[in-house]
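J.: Just need the structure, nothing else, for what follows:
(chains A, B, C and D)
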There are 2 protein chains.
Amino acid sequence: MRDRRTAILEAAARVIARRGVRGLRVEELAVEAGVSKALIYYHFDGRAGLLGSTLGFIGDRAERYTAGPSGPASLSGASPPPAGREELERSLLLEFQDVPEVRENSAAWGELRASAVFDPELRGELARSGLSWVREVADLLRSATSRTGAGVSGPVLVAAAERLTALLEGLSARWLSGILPLEHARALMREAIAVELQQLGAGVRADCDRVAVDV
Amino acid sequence: MRDRRTAILEAAARVIARRGVRGLRVEELAVEAGVSKALIYYHFDGRAGLLGSTLGFIGDRAERYTAGPSGPASLSGASPPPAGREELERSLLLEFQDVPEVRENSAAWGELRASAVFDPELRGELARSGLSWVREVADLLRSATSRTGAGVSGPVLVAAAERLTALLEGLSARWLSGILPLEHARALMREAIAVELQQLGAGVRADCDRVAVDV
DNA sequence: GTCTATAAAGCGATAGAC
DNA sequence: GTCTATCGCTTTATAGAC
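T.: So this is what the prediction gives:
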């Protein structure tokens, strides 16, 4: 195991995912992390400081697994990144998996985002992580449209990225609160990607033709 | 002022919008409502019962201002509902206004949705309200596409409605947490509506042609 | 750095008078 | 129906030993 401080942050992410930010009790966190309560106060500046650090920790971790290799498959070779659209879909659908690490990160992230509405101290980190995420998705959109959609301007890509990331957060919230099945959320996300790409001029041309025929 | 019970619910919506569900203290609510703590326990079944009642109250209020007339302008006559697309935009952009009642409702709704992730008791009401909202938006989409997009199937409309409502929630969360300016949120929402409508075959035909020319 | 023990405060909930 | 007063548990936070 890594140093105690990191162990506490990992435990905090787990507890937040399970109980929410308001449900996080320093004592429960201590048990989860296998340390004493006092040690948490030694390493962090009270409960508030702990939450801030945890938000940063979760943001970093999310960037790591979003930007990283696409799992076991990537072991098979040092091939250059896959075609833009696949990479885009992979990246955005990554959040919709019922595996502990992902669910934990999504839940914790959603909690901290919701908490930021009432706690201005958390907004800085939230804005920072959000911005880099939007930029990343905008880049993926550019790659995905580089062949067919040449000449798409930056702001248009950024707007599409903002819509896709905001949609992802909305769908994620519904999934986590149990009112939207996982597969349904994935399907809606995939469709949204297709719609945005088509709008940017990278969609399957037939779709656009079909629509025209309907008229 | 109405009866005390209603006054307490109104105060609860205000406090939740200000402090969040997590931050709601019975004592603070008592001060806000101008009553004693004990009276709250007399009218509601503890804190949990109070939250449940408040969720219902907020849901009803949201339906009222979503389905209701479009403000002062509607005083001018008993004209039938406006063209589908305008009505759709009006309905979805209604949530993005920096007036107390709307902001309060949005914030409280977002809070209760976030709380439902960790409190299964809140999910029933959430699912009920969410479903009727999706249906309403799907109906508006049908109206907006009835001329040019004849023959669009129900499930396709529902999926588009689900994407738009989920996007709205995602954008709303960002607006309320102060990382997305109100006007930017409105613009993104409007664009999303345009993109979805075009996909459904109701968009300005020229857009699709333009894309085809780019190839 | 890490623990045990304890102080201090917060908060939900109730009793009982009016 | 509404209030004042208070109880009692929970939770944050710190003191001080090792």
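J.: quick one: low-confidence ranges for chain A?
T.: Within chain A, the stretches with pLDDT under 70 are A:1, A:65-82, A:149-150, A:202-215.
J.: rerun at 80
T.: A:1-2, A:62-83, A:147-151, A:202-215 (pLDDT under 80).
J.: Tell me where it has helices.
T.: With DSSP state H as the criterion, chain A has helices at A:4-19, A:26-33, A:37-43, A:46-67, A:84-93, A:100-116, A:123-145, A:154-176, A:182-199, A:205-214.
J.: Make CSV out of the ones you listed and add mean neighbour count and distance to residue B:148.
T.: (Each C-beta comes from the backbone N, C-alpha and C, glycine too.) CSV is the format used below for these (neighbours: other Cβ atoms under 10 Å in any protein chain shown; distance: least, Cβ to Cβ, whole Å):
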stretch, mean neighbour count, distance to residue B:148
helix A:4-19, 20, 45
helix A:26-33, 17, 56
helix A:37-43, 15, 61
helix A:46-67, 17, 39
helix A:84-93, 18, 28
helix A:100-116, 22, 38
helix A:123-145, 19, 26
helix A:154-176, 22, 23
helix A:182-199, 20, 17
helix A:205-214, 14, 8
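J.: what residues are up against the closest residue in space to residue A:22 that isn't next to it in sequence?
T.: Spatial nearest neighbour of residue A:22, excluding adjacent residues (Cβ to Cβ, 6 or more residues apart in numbering or on different chains): residue B:22 at 3.4 Å. Neighbour list for residue B:22: A:20-22, A:115, A:118, B:111, B:115 [criterion: Cβ atoms under 8 Å, 6 or more residues apart in numbering or on different chains].
J.: try residue A:174
T.: A:180, A:185, B:130, B:166, B:169.
J.: how much space between it and residue B:131?
T.: As judged by Cβ to Cβ, to the nearest Å, residue A:174 and residue B:131 stand 11 Å apart.
J.: quick one on the thing from earlier: out of the contacts of residue B:22, who's nearest residue B:193?
T.: Using Cβ to Cβ, residue B:111 comes nearest to residue B:193 of the contacts of residue B:22, at 25.7 Å.
J.: The closest residue to residue A:33 other than its chain neighbours and chain B, how far apart?
T.: The shortest distance from residue A:33 to any non-neighbouring residue, by Cβ to Cβ, 6+ apart, is to residue A:11 (3.6 Å). Distance, residue A:11 to chain B, using Cβ to the nearest Cβ, to the nearest Å: 17 Å.
J.: before we move on, what about residue A:86?
T.: Computed with Cβ to the nearest Cβ, the distance linking residue A:86 and chain B is 21 Å.
J.: Spit out the contact partners of residue A:159.
T.: Residue A:159 makes contact with B:187-188, B:191, according to Cβ under 8 Å, 6+ apart.
J.: Could I get these in CSV, plus columns for distance to DNA strand C?
T.: CSV is the format used below for the contacts of residue A:159 (distance: Cβ to the nearest atom of the strand, whole Å):
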residue, distance to DNA strand C
B:187, 38
B:188, 36
B:191, 41
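J.: check the residues you listed against chain A, which are close?
T.: Filtering the contacts of residue A:159 for neighbours of chain A using Cβ under 8 Å from any Cβ of the partner chain leaves B:187-188, B:191.
J.: What residues does chain A have near DNA strand D?
T.: Within chain A, the positions adjacent to DNA strand D are A:24-27, A:37-38, A:41, A:46-48 by Cβ under 7 Å from any atom of the strand.
J.: give the contact list for the closest residue to residue A:196 other than its chain neighbours.
T.: Distance criterion Cβ to Cβ, 6+ apart; nearest residue to residue A:196, sequence neighbours excluded, is residue A:160 at 4.8 Å. Neighbouring residues of residue A:160 by Cβ under 8 Å, 6+ apart: A:138, A:141, A:196, A:199-200.
J.: Now distance to residue A:100 too, for those residues, in CSV please.
T.: Listed next are the contacts of residue A:160 as CSV, based on distance: Cβ to Cβ, whole Å:
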residue, distance to residue A:100
A:138, 30
A:141, 30
A:196, 30
A:199, 36
A:200, 35
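J.: interface residues of chain A facing DNA strand C?
T.: So far as Cβ under 7 Å from any atom of the strand goes, chain A lies against DNA strand C at A:4-5, A:34-39, A:42-43.
J.: ok, 6 Å please
T.: Proximity of chain A to DNA strand C (Cβ under 6 Å from any atom of the strand) is limited to residues A:4, A:35-39, A:42.
J.: farthest pair in those?
T.: By the measure Cβ to Cβ, A:4 and A:37 form the most distant pair in the residues of chain A next to DNA strand C, at 13.1 Å.
J.: so how far is residue A:186 from residue A:192?
T.: For residue A:192, the distance to residue A:186 - Cβ to Cβ - is 11 Å.
J.: wait, I meant residue A:39
T.: Computed with Cβ to Cβ, the distance linking residue A:39 and residue A:186 is 40 Å.
J.: next one: residue A:85
T.: 16 Å.
J.: Please apply the same query to residue A:29.
T.: 32 Å.
J.: Then residue A:57?
T.: For residue A:57, the distance to residue A:186 - Cβ to Cβ - is 27 Å.
J.: ditto for residue A:128
T.: Distance from residue A:128 to residue A:186, counting by Cβ to Cβ: 28 Å.
J.: Also residue A:30?
T.: 37 Å.
J.: before we move on, what about residue A:55?
T.: For residue A:55 relative to residue A:186 (Cβ to Cβ), the value is 26 Å.
J.: do residue A:62 as well
T.: Taken as Cβ to Cβ, the spacing of residue A:62 relative to residue A:186 amounts to 18 Å.
J.: Kindly report the same for residue A:24.
T.: Relative to residue A:186, and taking Cβ to Cβ, residue A:24 is found at 29 Å.
J.: before we move on, what about residue A:99?
T.: 14 Å.
J.: And for residue A:14?
T.: Applying Cβ to Cβ to residue A:14 and residue A:186 gives a distance of 24 Å.
J.: cool, residue A:95 as well?
T.: Counting by Cβ to Cβ, the gap from residue A:95 to residue A:186 is 10 Å.
J.: and what of residue A:47?
T.: Distance from residue A:47 to residue A:186, by Cβ to Cβ: 36 Å.
J.: likewise residue A:143?
T.: 21 Å.
J.: just residue A:9 next, same as before
T.: Counting by Cβ to Cβ - residue A:9 and residue A:186 are separated by 29 Å.
J.: hang on, residue A:91 packs against residue A:137?
T.: Yes: using Cβ atoms under 8 Å, residue A:91 is in contact with residue A:137, at 7.2 Å.
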